[in-house]
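A predicted structure for the sequence below; I have some questions about it.
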Amino acid sequence: MKYHLETIHEKGLTQQKRNQLIQWFNDEFDYIPLKWAEPDWYVLALNGSDLIGRLGIVDREISVADKQIRVGGISGVVTKKELRKKGIGKIMMTEVVKVIKDKANTPFGLLLCRKEVFGFYDKLGWKVNDFPTTFEQPQGKMVPPNLTMTYSCKGTLFPNGPLDLNGLPW
Ligand SMILES: CC(C)(COP(=O)(O)OP(=O)(O)OC[C@H]1O[C@@H](n2cnc3c(N)ncnc32)[C@H](O)[C@@H]1OP(=O)(O)O)[C@@H](O)C(=O)NCCC(=O)NCCS
């Protein structure tokens with residue numbers, strides 16, 4: 001099947017496309033009782049004009065111990081159900097590393113994931129970060145039950161220390 005990738009800033013989305021992206025996110029992750037950050041960028045996989053995959057990027061300055069660093073936070077990676085295990089997720093994740101590095105000019109990627117999908121990101125070179133991560137929710141600071149994984153886009157080592165996402169998670 002032929003498809004192409006499109007990187008789009010959230011300001012460039014039509015209302016219809018924005019609703020579709022939110023719907024895809026909610027269909028997969030609504031069962032998780034968290035309030036999420038809105039992405040700044042999206043990488044979309046499209047067959048013609050049909051959406052077959054999506055992911056979001058949250059551009060955020062986070063705290064790692066006493067350092068402030070900018071990360072591209074990977075949000076809601078979803079491939080259309082009937083088209084999974086055909087390489088679309090991998091292509092989107094390869095593209096997002098370029099977008100984080102070049103368009104967002106950010107040295108690191110960071111994502112939170114369930115243990116069930118660890119293998120998908122591990123194969124793509126993402127590393128588990130064992131330091132505690134905290135983020136904000138309306139009721140206060142929270143520690144996620146999931147894994148934190150990072151990616152170095154420019155070859156620099158991710159700093160050691162506890163992470164604070166300084167806002168809502170993604
Ligand atoms: C996770 C998801 C995005 C993967 O997308 P995909 O298009 O099926 O992935 P790909 O076909 O590109 O897979 C790339 C590689 O990862 C492997 N892989 C895919 N899903 C995996 C999983 N859940 N666990 C371990 N490995 C996985 C594939 O077998 C493939 O391996 P290979 O390169 O050795 O052949 C997709 O299953 C999905 O949309 N899941 C529901 C939403 C979700 O859970 N997203 C992740 C949130 S953290």
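The structure has been received and is ready for your questions.

got the residues of the protein near the ligand?
28, 77-79, 84-90, 113-114, 116-117, 119-120, 123 (Cβ under 6 Å from any ligand atom). Just so you know, the C-beta spots here come from the backbone N, C-alpha and C atoms, and that holds for glycine as well.

These, buried ones only, as a PyMOL selection?
Buried residues within the residues of the chain next to the ligand, by 16 or more other Cβ atoms under 10 Å, are selected in PyMOL with:
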select buried, resi 77+78+79+88+89+113
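
Among the residues of the chain next to the ligand, which are located in strands?
77-79, 113 (DSSP state E).

could I get those as TSV with pLDDT?
Converted to TSV, those look like this (pLDDT from 0 to 100):
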residue	pLDDT
V77	98
V78	98
T79	98
C113	96
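
which two of those lie the greatest distance from each other?
Farthest apart among these by Cβ to Cβ are T79 and C113. That separation is 14.5 Å.

what's the longest helix in the protein?
helix 15-29 (DSSP state H).

do you know how far the residue nearest the centre of the chain is from D164?
Residue closest to the average C-alpha location in the chain (Cα atoms, centre = their mean): I74, at 1.1 Å. Distance, I74 to D164, by Cβ to Cβ, to the nearest Å: 18 Å.

With V99 instead?
V99 is 24 Å from D164, by Cβ to Cβ.

got it, and D59?
Taken as Cβ to Cβ, the span from D59 to D164 is 16 Å.

What about Y31, how many residues nearby?
Residues lying near Y31 (other Cβ atoms under 10 Å) number 6.

what angle separates the longest strand along the chain from helix 15-29?
Ranked by number of residues, the top strand in the chain under DSSP E is strand 50-64. Using axes from the mean of the first three to the mean of the last three Cα atoms, to 10 degrees, the direction of strand 50-64 lies 70 degrees away from that of helix 15-29.

Tell me which strands strand 50-64 pairs with, and in which orientation.
Strand 50-64 has the following strand partners under DSSP bridges: strand 41-47 (antiparallel), strand 67-79 (antiparallel), strand 163-164 (antiparallel).

pLDDT on the first one, on average?
The reference is to strand 41-47. Mean pLDDT, strand 41-47: 98.
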